[in-house]
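Participant: Prediction below, plus the sequence it came from.
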Amino acid sequence: MTIASPLHRGLRLALTLLASASLWACSSTPTDPRMAELSLRTSDHLQPRPADARQPGLPRLDVAGGTVATPSPLRPAVTLQQARPAEDEGKDAVGMATDPLSPDTTVDLDDSGATQDLWSRIRKGFTLPELESDLVAEHRRWYTARPDYVQRMTDRGSRYLFHVVEEIERRGMPMELALLPFIESAFNPQAMSSARASGMWQFMPATGKDFRLKQNLFRDDRRDVLASTRAALDYLQRLHRMFGDWQLALAAYNWGEGNVQRAIARNQRQGLPTDYLSLSMPVETRHYVPKLYAVRQLVAQPEAYNLTLTPVDNHPYFVSVPIQRDMDVSLAARLAGLPIEEFKALNPSLNKPVILAAGTPQLLLPYDNASLFVHNLKAHKGRLASWTAWVVPRTMRPTDAAREVGMPESSLRELNHIPPKMLVKAGSTLLVPRSEQRMQDVSEVLADNAMMTLAPDVPPLRRISVKAGKRDTVASLARRYKVSPQQVAQWNKVATGASFRKGQTIAIYVPAARADSKRAVSTVASASKSKSGKKAVVVASNRVSKSDSRGNRNAAGSSRNTPRTSKTKVRVASAR
C-alpha cells in the first residue's frame, strides 16, 4: 500500500470538490437562493418580451412585423454578472435611457432639468437686444387684457414648443424666435391667411417651395410641424446673414427681403439710420416685431401682468413613428387611441382622409399613443386603406368619372373639391375608393406629384363672321349674341365702347350648336325672280338651293324624300 504524499492528497481533494460543484450546478433545484434568483434573471433576459412590454421610465418602441417605430430598441446586450446582495440587484435591472427623438443620446433620468418647466428654459435663451417702442407696450396691454386668448395660444403651442426650442438651441439662435408662431398663427398649424400663407410659420406657396416644402394634392408640408419648423429657421438664418440684424431679419420674414433692402437703400440715400425703427414700412410690419417683444415680456414675467402660463414639460411631447403601408386617417387615429382632432393637430399636413406611406412616411404621436399604435397595428385584421389615387385617363365630367370608379357624384365632388360646372382634365389625380382593380398602395411618384386640373364645362366655341349694321357697336353685338362686351372687344381688338362701320366683318365666338344654327339661317338663298315674277326662298342646312315658281327643287337628290304636291307653300325666312 502506497501512502499518498500531502501533494497528492491535496490534488485529490480539489478534484473531488470540483466534481461536486459540477453536479450541484446541474441540479434543477439550486439550494442557494441567491443563485436561484440569478438563474431566473438570466432566463428572463433570454425570453422574448411582449410587443407592448416596456420598463417604466424608458422610452421604448419595439420593431415587429415590418412596422418600425422610433426610437430603436434601447436594451443593451445582457452581460451575466456575479450574484449581488439582494439590496444591490436593482442596479443591473435596467439599461440606459435615450431620447426618443435622438436614439443615440443618453438621457440622465436624475437630471432635474428634465422635469422643470420649459418656460424657464426659454427665458434663459432670450438674447435679442431691447426694443424701445410704444408699440411694444400697446401690444402687451392687448394681450394682458385677453388672458383667455393667451391661455388658448399657450395650450395649443405646448404640443410643439419643445421641438421648436430644441431646434433653436441646436442652431444657436435667439430663443425669442420660439415665440414667433404665437405672432404668426397663434401656434395653429392649420391656419390659412387671406394671402394663402399657411401653417404655424405662415409660409406663402412660393416661399414654401423655395425651402423644400412640398405642396400637392395629398399633403402640404407648410403645415407639417417638423418640416415647416426646419424651413422657417433656415429662412430666418438666411435673412440674418443677409442683414446682420435679427430685428431686420424678422421684418424681412414678414415683409420680404427685397422690400427691406429697398427701404434700407432709400434711407441710405437720404442719410438716415437703417435700423428697424428708422425704416418706412407697412403698418403690419411696423407692428410685427413689437408684437414679438410684447409676448417676450409676458413670458419673461407673467406674474407681473397677472397671467399664468400653463406649465410645459421639458421633454418631447411626441415621437416619430414610420409607416410602410397606406392607411386611413380615421383608422390610424383609432389605433393610436387618439381623438381625430388631436391626431390631426400633430399631423396637420394631411390633405385627404388617407395617409400615403410613400408621401408621408412617418406619423407624430405622443409616446404612450405611439406604443399603443404599434401594438394595435400588429394585431389589426382587415384592410388598412379604403381610398386610393386614380389618374383620370381623359378629360371627363365628374358624373362620368364617378360612374367609372363606382361612387356617387356628390361624394366624388366633395372628396376632391370639384366645383359645379367644371371638367376634370386628363392626367388629374382623384381620390377614389379602393376596388379589386385598384388595390395597390400609391406610388412615390404619384404621392409626391399628384395634382388636379379643372376646366369650365362649356360647349366648344366656334368662330362665326357677321356683317355690322349701320348702328352696330360692341355692346349691341354682345347683347345679340349673348356674350360679354369684353369678349367682343377682345376678339376684334377694339375698345369695349367702340362702334363698327356698316358692312364691317366682325368675329364672334359662340357655342358650336348655336354656330350651326346661325349658319343654317345665314345660308338662306338670296331671293331671285322666277319667270312669273314671283320670288321664293328655300332654307337649306349648309347649301343654297333655288326653286322655280312651281316649287320644284333642282338641288340634287332633294326631291327624293319630299312628297310632291301641286300646291307647295314655301316659307320665306330672314337672312339676317
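Facilitator: In hand now; what should we look at?
Participant: Please make it C-alpha for all contacts and neighbour counts, starting now.
Facilitator: Will do.
Participant: so where's the stretch 101-250 of the chain shaky on pLDDT?
Facilitator: 101-116 (pLDDT under 70).
Participant: residue ranges of the strands in it, please?
Facilitator: Along the stretch 101-250 of the chain, counting by DSSP state E, counting those that start in this stretch, strands occupy 102-106.
Participant: and for stretch 338-349, what are the contacting residues?
Facilitator: 159, 189-190, 219-225, 330, 333-334, 350, 363-365, 369 (CA atoms under 8 Å, 6 or more residues apart in numbering).
Participant: For that stretch, buried residues please.
Facilitator: Residues 338, 343-349 are the ones in stretch 338-349 that count as buried (16 or more other CA atoms under 10 Å).
Participant: Which of the residues you listed sits closest to Glu257?
Facilitator: Ser349 (26.7 Å; CA to CA).
Participant: What is the neighbour count of Val354?
Facilitator: Per other CA atoms under 10 Å, the neighbour tally for Val354 reads 22.
Participant: Then Leu248?
Facilitator: If you count neighbours by other CA under 10 Å, Leu248 ends up with 24.
Participant: quick one: contacts for it?
Facilitator: Counting by CA under 8 Å, 6+ apart, Leu248 has contacts 240, 260, 275-276.
Participant: Put the buried members of the contacts of stretch 338-349 into a ChimeraX selection.
Facilitator: Typed into ChimeraX, the next command selects the buried ones out of the contacts of stretch 338-349 (criterion: 16+ other CA under 10 Å):
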select :159,189,190,219,220,221,222,223,224,225,330,333,350,363,364,365,369
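Participant: Next step: the contacts of stretch 338-349 restricted to helices.
Facilitator: Those of the contacts of stretch 338-349 mapping onto helices are 225, 330, 333-334, 369, per DSSP state H.
Participant: one step back: now, the buried residues of stretch 338-349 that are in helices?
Facilitator: Using DSSP H, the buried residues of stretch 338-349 in helices are 343-346.
Participant: tell me the SS of Arg462?
Facilitator: strand (DSSP: H, G, I helix; E, B strand; the rest coil).
Participant: which residues touch the closest residue to Val405 other than its chain neighbours?
Facilitator: Of all residues not flanking Val405 in the chain, Val432 sits nearest, at 6.8 Å (CA to CA, 6 or more residues apart in numbering). Applying CA under 8 Å, 6+ apart to Val432 gives the contacts 387-390, 405, 407, 412.
Participant: Need those residues in CSV (columns: pLDDT, secondary structure and distance to His139).
Facilitator: Shown next, in CSV, are these (pLDDT from 0 to 100; DSSP: H, G, I helix; E, B strand; the rest coil; distance: CA to CA, whole Å):
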residue, pLDDT, secondary structure, distance to His139
Trp387, 95, strand, 47
Thr388, 95, strand, 48
Ala389, 95, strand, 47
Trp390, 95, strand, 50
Val405, 94, helix, 54
Met407, 95, coil, 52
Leu412, 96, helix, 46
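Participant: what number of residues lie near Ser280?
Facilitator: Neighbour number of Ser280 under other CA under 10 Å is 15.
Participant: hang on, the earlier thing: tell me what the residue nearest to Val405 is bridged to.
Facilitator: Thr388 (DSSP bridges).
Participant: Quick check: the farthest pair among the ones in helices among the contacts of stretch 338-349?
Facilitator: Farthest apart among the ones in helices among the contacts of stretch 338-349 - using CA to CA - are Val225 and Arg334, which lie 21.2 Å from each other.
Participant: Where does pLDDT dip in this protein?
Facilitator: For the chain (pLDDT under 70), the answer is 1-116, 513-576.
Participant: Would you mind listing which of the contacts of Leu248 are buried?
Facilitator: 240, 260, 276.
Participant: and the two most separated of the contacts of Val432?
Facilitator: Top of the distance list for the contacts of Val432 (CA to CA): Ala389 and Met407, 13.8 Å.
Participant: In terms of neighbours, single out the busier of those two.
Facilitator: Between Ala389 and Met407, counted using other CA under 10 Å, the more crowded position is Ala389 (23 against 14).
Participant: That one: what's it in contact with?
Facilitator: 429-432, 442.
Participant: Kindly report the same for Lys493.
Facilitator: Per CA under 8 Å, 6+ apart, neighbours of Lys493: none.
Participant: what's the distance between it and Ala507?
Facilitator: According to CA to CA, to the nearest Å, Lys493 stands 10 Å off from Ala507.
Participant: ok, and the closest non-adjacent residue to Leu233?
Facilitator: Nearest to Leu233 is Ile168, by CA to CA, 6+ apart, at 7.6 Å.
Participant: burial measure for the one you found, as a count.
Facilitator: Neighbours of Ile168 using other CA under 10 Å come to 20.
Participant: surely it meets Glu176?
Facilitator: No: counting by CA atoms under 8 Å, Glu176 is not a contact partner of Ile168; they are 9.4 Å apart.
Participant: any shared contact partners between those two?
Facilitator: With CA under 8 Å, 6+ apart, Ile168 and Glu176 have no common neighbours.
Participant: so how many other residues sit close to Val445?
Facilitator: Using other CA under 10 Å: Val445 sits among 10 other residues.
Participant: Please report how far it lies from Ile355.
Facilitator: For Val445 relative to Ile355 (CA to CA), the value is 15 Å.
Participant: Check Leu118 too.
Facilitator: From Leu118 to Ile355 the distance is 32 Å (CA to CA).
Participant: now swap in Pro282 and tell me
Facilitator: 41 Å.
Participant: Those two: which is more packed in?
Facilitator: Ile355 (29 against 10).
Participant: Run through the residues that contact that one.
Facilitator: When contacts are taken as CA under 8 Å, 6+ apart, Ile355 is in contact with 326-329.
Participant: looking at these, which has the most residues close by?
Facilitator: Going by other CA under 10 Å, Asp326 tops those with 23 neighbours.
Participant: Go ahead and confirm that residue touches Val354.
Facilitator: Yes: look at Asp326 against Val354 with CA under 8 Å: they come within range, at 7.1 Å.
Participant: Give me the common contacts of those two.
Facilitator: Ala385.
Participant: could I get the ones in helices among the buried residues of stretch 338-349 as a markdown table with distance to Ser465?
Facilitator: Converted to a markdown table, these look like this (distance: CA to CA, whole Å):
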| residue | distance to Ser465 |
| --- | --- |
| Phe343 | 61 |
| Lys344 | 57 |
| Ala345 | 59 |
| Leu346 | 61 |
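Participant: Next one: Met396 from Met422, what distance?
Facilitator: Here Met396 is placed at a distance of 9 Å from Met422 (CA to CA).
Participant: Equivalent analysis for Gln237, please.
Facilitator: 44 Å.
Participant: Repeat that for Arg140.
Facilitator: Distance from Arg140 to Met422, by CA to CA: 49 Å.
Participant: the more surrounded of these two?
Facilitator: Arg140 (21 against 16).
Participant: And the more buried one, how far from Pro147?
Facilitator: Arg140 is 11 Å from Pro147, by CA to CA.
Participant: So which residues of the stretch 401-550 of the chain form helices?
Facilitator: 409-416, 444-449, 474-481, 485-492, 512-522 (DSSP state H, counting those that start in this stretch).
Participant: If you count neighbours, what's buried in the second one?
Facilitator: Buried residues in helix 444-449, counted by 16+ other CA under 10 Å: 446-448.
Participant: nearest to Tyr305, of the residues you listed?
Facilitator: Asp448 (47.7 Å).
Participant: Run through the residues that contact the closest one.
Facilitator: 214, 216, 358-359.
Participant: Redo these as TSV? Include neighbour count.
Facilitator: Shown next, in TSV, are the contacts of Asp448 (neighbours: other CA atoms under 10 Å):
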residue	neighbour count
Lys214	21
Asn216	16
Ala358	19
Gly359	20
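Participant: Out of these, flag the one nearest to Thr473.
Facilitator: Nearest member of those to Thr473, counting by CA to CA, is Asn216, at 46.4 Å.
Participant: check contacts around the closest one.
Facilitator: Applying CA under 8 Å, 6+ apart, the residues contacting Asn216 are 448-451.
Participant: any idea how far it is from Pro456?
Facilitator: Asn216 is 22 Å from Pro456, by CA to CA.
Participant: Any idea how many residues pack against the residue nearest to Asp234 when sequence neighbours are not counted?
Facilitator: Nearest non-adjacent residue to Asp234, counting by CA to CA, 6+ apart: Phe211, 7.9 Å away. Using other CA under 10 Å, Phe211 is surrounded by 17 other residues.
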